[in-house]
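Undergrad: Give me coordinates for this.
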Amino acid sequence: MKGDSGLWTKQRNNEAGCYAIHNTIGQTQNADSKPTTTAAAQKLASSLLFTTTSTSTFSFVPMLVVFFLLLFASLSTPVFSSPIVSDSGHHLPANQTLRPGKELHKLKSIRAHLRKINKPASSDGDVIDCVLSHLQPAFDHPELRGQKPLDPPERPKGHEKTETAAESFQLWTDSGESCPEGTIPIRRTTEKDILRASSIRRFGRKPRSVRRDSTGNGHEHAVLFSNGEQYYGAKASINVWTPRVTDQYEFSLSQIWVISGSFGHDLNTIEAGWQVSPELYGDNYPRFFTYWTTDAYQATGCYNLLCSGFVQTNNRIAIGAAISPRSSFRGRQFDIGLMVWKDPKHGHWWLEFGSGLLVGYWPDFLFSHLRSHASMVQFGGEIVNRRSSGIHTSTQMGSGHFAEEGFGKAAYFRNLQVVDWDNNLLPLTNLHLLADHSNCYDIRQGRNNAWGTYFYYGGPGRNVRCP
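TA: I've put the predicted structure just below:
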């Protein structure tokens, strides 16, 4: 009964009532006794004795019988308590009754304390969940239901797993956090993330109008591409910056594209790199991302793990999480190594991050044209220009500086390579440069022994030559 204050008080009152009746009855047995304690008790005693003046032994006996029956009933009546649901939706213990003012204040204090001690998992405000590998979104796909992630494939020949002196990783791991074996880290999606999207259906997807061969949809590029052959993968190291994005619905990204099909509705792409996207993430951090589509961004595919598709196998990399550290103008430079290639044994497209960390794979059945091979590989930057004020956006690409400024000032890609049909890493051939608006964002290619094929790219957007 302890803690059930309301019900306990009610039972104690019943017992007090019986005690008063007993006293009243005792007093009415003596003609010279003092007045009864209450008028109500006296009236009840009178009714029990049939007459208040009777001193007969025969009247006293039924009275005692009735008294003990009442006492037994009051003690044997069960007291029930139901689970109490707090205003947070949690059940309180079954034997606890809320005192509205006191308990509500206590719950508010508890919530305030939890907000104080439960810090975000990383300094960018992300919450990273460690999810059992077989419960990740990919396995909601009918073709993957009931399966488990595949074992690592053979790397392309000529690939060297070497640590760099300053390899970029992610903010959420800066203070030592990690997920245990058998789980994968997934950035938690919030209500605010979804509310920023144009609709729930389009959340986590690029606009339908995105076409690399079109400059009339607000998407502008500065890229190097290679076509005319069959490609089974692409590799590069990408310089990481924090470009300024001036509109919530614009973005700035630097990535690798693996492409097949026409640039019509049958376009297949696999994409990986870093991006700044306030609409998708709610901030201006450069974040590691992936994307895929098999119908030119119409209805299939998505960013990261926001739909069934990409199968993650790594417990150290969170797709969609912020990259750390980042490059600074005339300061230290940081880059991430990325490689996408087709497993010659099973046909799936795998993704490697950094110096040998396998992130996961895109199953081959997701695609039509890419089920066989890619017909183009592309490297570089892309921004969205909404022209919301009738002028060109000031959203930056890369570092926000033109290619001619070079190392430490302009952003770069280095060590560009492709994978051939025999799983060999080879230098690029048949290279082409494309800058949709070179007065806003440009690109310059080079080659040397240390960096192989490389290029600088980017720009500030709106300037005197880009009104």
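
Undergrad: Confirm for me that Ala138 is in contact with Asn304.
TA: No. Between Ala138 and Asn304 there is no contact, the gap being 11.3 Å when judged by C-beta atoms under 8 Å. Placement of C-beta: from N, CA and C, glycine included.

Undergrad: shared neighbours of these two, which are they?
TA: Each of Phe310 lies in contact with both Ala138 and Asn304 under the rule C-beta atoms under 8 Å, 6 or more residues apart in numbering.

Undergrad: quick one, which of the two is more surrounded?
TA: Ala138 (26 against 23; other C-beta atoms under 10 Å).

Undergrad: three-state assignment of the more buried one?
TA: In three-state terms, and counting by DSSP: H, G, I helix; E, B strand; the rest coil, Ala138 is helix.

Undergrad: what ranges of the protein fall below the confidence cut-off?
TA: 1-99, 110-121, 161-168, 208-216 (pLDDT under 70).

Undergrad: okay, which residue is most central for it?
TA: The residue lying closest to the centre of the chain (C-alpha atoms, centre = their mean) is Arg188, at 1.7 Å.

Undergrad: any idea how this protein splits into domains?
TA: 5-76, 84-118, 129-458 (automatic domain parsing).

Undergrad: Cys466: which of the ones you listed is closest?
TA: When those are compared by C-beta to C-beta, domain 129-458 sits nearest Cys466, at 3.9 Å.

Undergrad: how far does that closest one sit from the chain's center?
TA: Domain 129-458 has its C-alpha centroid displaced from the chain centroid by 18 Å (C-alpha atoms, centre = their mean, to the nearest Å).

Undergrad: Show me where the chain has its helices.
TA: Under the criterion DSSP state H, the chain contains helices at 5-28, 39-49, 57-76, 100-117, 191-195, 278-281.

Undergrad: picking up where we left off before, output the domains of the chain as CSV; include the columns distance to Pro467.
TA: Below are those laid out as CSV (distance: least, C-beta to C-beta, whole Å):
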stretch, distance to Pro467
domain 5-76, 74
domain 84-118, 48
domain 129-458, 6
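
Undergrad: Return the most buried member of the ones you listed.
TA: Among those, ranked by average contacts under mean count of other C-beta atoms under 10 Å, first place goes to domain 129-458 (a mean of 19).

Undergrad: First-to-last residue distance for it?
TA: Taking C-alpha to C-alpha, to the nearest Å, domain 129-458 runs 35 Å from one end to the other.

Undergrad: Now do the same contact list for Thr453.
TA: Listed by C-beta under 8 Å, 6+ apart, the contact set of Thr453 reads Asn415, Leu416, Gln417, Pro427, Leu428, Leu431, Gln445, Gly446, Arg447.

Undergrad: quick revisit: isn't the residue nearest to the centre of the chain up against Ile128?
TA: Yes. Between Arg188 and Ile128 there is a contact under C-beta under 8 Å: 7.0 Å.

Undergrad: Run through the residues that contact Glu154.
TA: Contacts of Glu154 (C-beta under 8 Å, 6+ apart): Asp343, Pro344, Lys345, Asn423.

Undergrad: Dump the C-alpha coordinates for stretch 438-457 into PDB.
TA: Provided in PDB are the C-alpha atoms of stretch 438-457 (Å, rounded to 0.1, in the frame of the first residue of the first chain):
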ATOM      1  CA  SER A 438      33.500  29.100 -66.400                       C
ATOM      2  CA  ASN A 439      33.200  32.700 -65.200                       C
ATOM      3  CA  CYS A 440      31.500  31.300 -62.100                       C
ATOM      4  CA  TYR A 441      33.300  28.000 -61.600                       C
ATOM      5  CA  ASP A 442      36.200  26.600 -63.600                       C
ATOM      6  CA  ILE A 443      38.500  23.600 -63.900                       C
ATOM      7  CA  ARG A 444      42.200  23.000 -64.900                       C
ATOM      8  CA  GLN A 445      43.800  19.600 -65.400                       C
ATOM      9  CA  GLY A 446      47.400  18.500 -64.800                       C
ATOM     10  CA  ARG A 447      49.600  15.400 -64.400                       C
ATOM     11  CA  ASN A 448      52.700  14.600 -62.400                       C
ATOM     12  CA  ASN A 449      54.400  11.600 -60.800                       C
ATOM     13  CA  ALA A 450      53.200  12.300 -57.300                       C
ATOM     14  CA  TRP A 451      49.500  13.000 -58.100                       C
ATOM     15  CA  GLY A 452      49.100  11.200 -61.400                       C
ATOM     16  CA  THR A 453      46.100  12.800 -63.200                       C
ATOM     17  CA  TYR A 454      44.700  15.600 -61.200                       C
ATOM     18  CA  PHE A 455      42.800  18.900 -61.500                       C
ATOM     19  CA  TYR A 456      41.900  22.000 -59.600                       C
ATOM     20  CA  TYR A 457      38.300  23.300 -59.800                       C
END
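
Undergrad: returning to that earlier point: what's the most distant pair in the contacts of Glu154?
TA: Lys345 and Asn423 (9.6 Å).

Undergrad: ranges for the strands of the stretch 101-250 of the chain?
TA: With DSSP state E, counting those that start in this stretch as the criterion, the stretch 101-250 of the chain has strands at 128-132, 169-170, 183-187, 219-231, 233-239.

Undergrad: Export these as TSV, with columns for distance to Val258.
TA: Formatted as TSV, the strands of the stretch 101-250 of the chain follow (distance: least, C-beta to C-beta, whole Å):
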stretch	distance to Val258
strand 128-132	27
strand 169-170	23
strand 183-187	23
strand 219-231	7
strand 233-239	6
